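> Show me the folded form of this:
(2 chains, ligands or ions: 2)
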Amino acid sequence: MLDTASPAAAKVAAPPPEAGATSARAPLIRREALAFALFAFFAIAPAIAQVGAEGYLLSLVIRAMIFAIAALSLDLILGYGALVSFGHAAFVGIGCYAVGILMAHSVSDLFVQLLATLLASALFALVTGAISLRTKGVYFIMITLAFGQMIYFLTTSLAAYGGDDGLTLPSRSAVFGTDVLENDLVFYYLVLACLVGVYALLRAIVGSRFGRVLRGTRENPVRMQAIGYDPYRYQLVAYVIAGMIAGLSGFLLANHIEFVSPAFISWQRSGELIIMVVLGGMGTLVGPIVGAMSFLFLEEILARITQDWKLIFGPLLVLVALFARGGILGFFRRKA
Amino acid sequence: MSAILELKHLRKNYGALAVTDDVSLAVDAGELHAIIGPNGAGKTTLIHQISGLAPSDSGQILFDGRDVTRAPMHERVRAGLARSFQITSILPGFTARENVAVAVQARSGSSFRFFGDPARERDLDAQAMEALAIVGLTGRADVTAGQLSHGEKRQLELAIGLATRPKLLLLDEPLAGTGKEESERVVETLLGLKGRYTIVLIEHDMDAVFALADRVSVLVYGRVVATGAPDAVRSDPAVREAYLGEEAA
Ligand SMILES: Nc1ncnc2c1ncn2[C@@H]1O[C@H](COP(=O)(O)OP(=O)(O)OP(=O)(O)O)[C@@H](O)[C@H]1O
Ligand SMILES: [Mg+2]
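Ligands and ions are numbered 1, 2, ... in the order given. Next comes the predicted model:
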């Protein structure tokens, strides 16, 4: 339904063309409007931040957008496929280390790094997904957690690339041999373009034939088998797509902070991604963006107020889980 | 007549319990074959084995000239074996229309298409609406399936089965839990399908069974104790003792 060939085209094509929309489509239109508003906010945020002369704010927004991309990718399998992957940060880590390791070998070209990121995360998703998806429920959670930790421990043991301490990058990726990404504003808009592109791509996917089958396996996998689908194949493809997009977010993260570390990959990070998706609203695509923003901004604010911010943050999440089923998005939908 | 489905010495145990005990049975193309039997006789388990939801311990399942004993469920469906479940199995979050359309989609073209809205594929939609019309759900097409009444859900499940264009339809108690009016509606629908589809029907409602079936098989403790025309089975002393007599008592 969206022309997703280029992120630029998707930016203007946000509202769905459906005129005589049925009731089932109404929330979709509202969601598209919210996404459009968020993207518009991101687009003008640098201008506002400049008034306050706060490079720090901009950096926070970049981080929020990067984690929104990771959370979006998780929403594809968690929200639309009902696959609770507890190792999603591993893909972010793969993206980070693809950049870090290539940089350490003086390969700084963006396209080479991006290709390596996508290939490595796709391969890892294919292999671990093929195994994990043979299991169900709690076992799936456990095995994805185990694969995630595997990557975590692998990176801590990479002595040549900093081991536990991580690795500082000499620069951001080079575009056609130029250091144009060193300009924070250029980098900001690159991240925004990726976010919009990923959103549009996923919006198209979940609305496609493939997405319909994936949603069907979430609803009732046995029924899907009983009409001729093998859920496994569709879940695996979704897992690979999600892994690659999370890899992309890792690629951006490494470029953003110009540092990579095993700390980005630990199971706590995977848990945070799940929280972002659930906090914002699963299976909505807009929700994870709202969730990632809320999570990072809240964390930032609370951390300024008190050192023991986690004592407030934890119960707050419990409250959301209890009282706002469907996340922040679901909360507002019920009010409306 | 030629058999479209043939079961040869099929067995299945749950622990020490022989739930399917050397079942051999042939279903002819075009017939409506009812399987009756007391609760726990193993009727549902047998359907699970035929459809591929539960593996068989031994024996053979021949469908449409092909050995499908070890084939996964989705492959059997693609070969033309559709089923309904004793406990209604639909996609509750989808509309009735989409429930059926996704079944049509399964046999028309690849589902590894990542762009384009399938709701706008006229062909899928037309075929879905056709199946909904057969079960009388045309007016409820855009209702979320989870919000349909119990009887409507049973009807929807039937439409989903039909949408796969089956060569054989396995129906596990389509009347279970439906009210009098709803069950009459289902029987009417089944009468309309009779002759056009080969159907294996499991049912406790004897009036429905004797109104619909060309042949009846009686399953008791996992064994087929009789197969034949409804009247012959009804008067079979072994059957009366094992099953019908028990009901009359
Ligand atoms: N998954 C299972 N594990 C263990 N035992 C089972 C399982 N499924 C069924 N059984 C047992 O197998 C026997 C046959 O069950 P089945 O559901 O096939 O009977 P049925 O003829 O369909 O009964 P009903 O008329 O009540 O639907 C029962 O004794 C049941 O308890
Ligand atoms: Mg049963």
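> Distance check, residue A:263 against residue B:59.
Distance, residue A:263 to residue B:59, using CB to CB, to the nearest Å: 57 Å. Using the backbone N, CA and C atoms, a C-beta is placed for each residue, glycine as well.
> And for residue B:49?
From residue B:49 to residue B:59 the distance is 9 Å (CB to CB).
> ok, and what's touching the helix or strand encompassing residue B:75?
If you go by DSSP states H and E, residue B:75 is part of helix B:73-78. The contact list for helix B:73-78 (CB atoms under 8 Å, 6 or more residues apart in numbering or on different chains) reads A:225-230, B:51-53, B:63, B:68, B:106-107, B:164, B:166.
> what pairs with residue A:174 across the strands?
For residue A:174, the beta-bridge partners are residue A:109 (DSSP bridges).
> Count the neighbours of it for me.
Neighbour count of residue A:174, defined by other CB atoms under 10 Å in any protein chain shown: 19.
> Now do the contacts for it.
Taking CB under 8 Å, 6+ apart, one finds A:108-110, A:181 in contact with residue A:174.
> give the contact list for whichever residue of chain B sits closest to ligand 2.
Among all residues of chain B, residue B:44 sits closest to ligand 2, at 3.1 Å; criterion: CB to the ion. Taking CB under 8 Å, 6+ apart, we find residue B:44 in contact with B:86, B:172, B:202.
> Which members of these are classed as buried?
Neighbour counting with 16 or more other CB atoms under 10 Å in any protein chain shown marks B:86, B:172, B:202 as buried within the contacts of residue B:44.
> These also near chain A: which ones?
For chain A, no contacts are drawn from the buried ones among the contacts of residue B:44 by CB under 8 Å from any CB of the partner chain.
> check those residues against ligand 2, which are close?
Subset of the buried ones among the contacts of residue B:44 in contact with ligand 2: residue B:86, counting by CB under 5 Å from the ion.
> from the buried ones among the contacts of residue B:44, which is closest to ligand 1?
Closest approach between the buried ones among the contacts of residue B:44 and ligand 1, by CB to the nearest ligand atom: residue B:86, at 5.6 Å.
> List the contacts of residue 217.
Since no chain was named, I'll use chain A. Residue A:217 is in contact with A:81-82, A:224, A:229, A:231, A:234-235, counting by CB under 8 Å, 6+ apart.
> meant chain B actually
Residues near residue B:217 by CB under 8 Å, 6+ apart: B:25, B:33-36, B:224, B:226-227, B:233.
> Now do the SS call for the residue nearest to residue B:223 when sequence neighbours are not counted.
Distances taken as CB to CB, 6 or more residues apart in numbering or on different chains place residue B:21 nearest to residue B:223, at 4.9 Å, with adjacent residues excluded. Using DSSP: H, G, I helix; E, B strand; the rest coil, the three-state assignment for residue B:21 comes out as strand.
> list the contacts for residue B:21?
Contact analysis of residue B:21 by CB under 8 Å, 6+ apart lists B:11, B:42, B:221-223.
> circling back: who wins for neighbours among the contacts of residue A:217?
Among these, residue A:224 has the most neighbours (other CB under 10 Å), with 27 neighbours.
> For that one, which non-adjacent residue is spatially closest?
Among residues not flanking residue A:224 along the chain, residue A:216 sits closest, at 4.8 Å (CB to CB, 6+ apart).
> burial of the one you found, as a residue count?
Neighbours of residue A:216 using other CB under 10 Å come to 26.
> Going by secondary structure, it is in what exactly?
Per DSSP H and E: residue A:216 is located in helix A:209-219.
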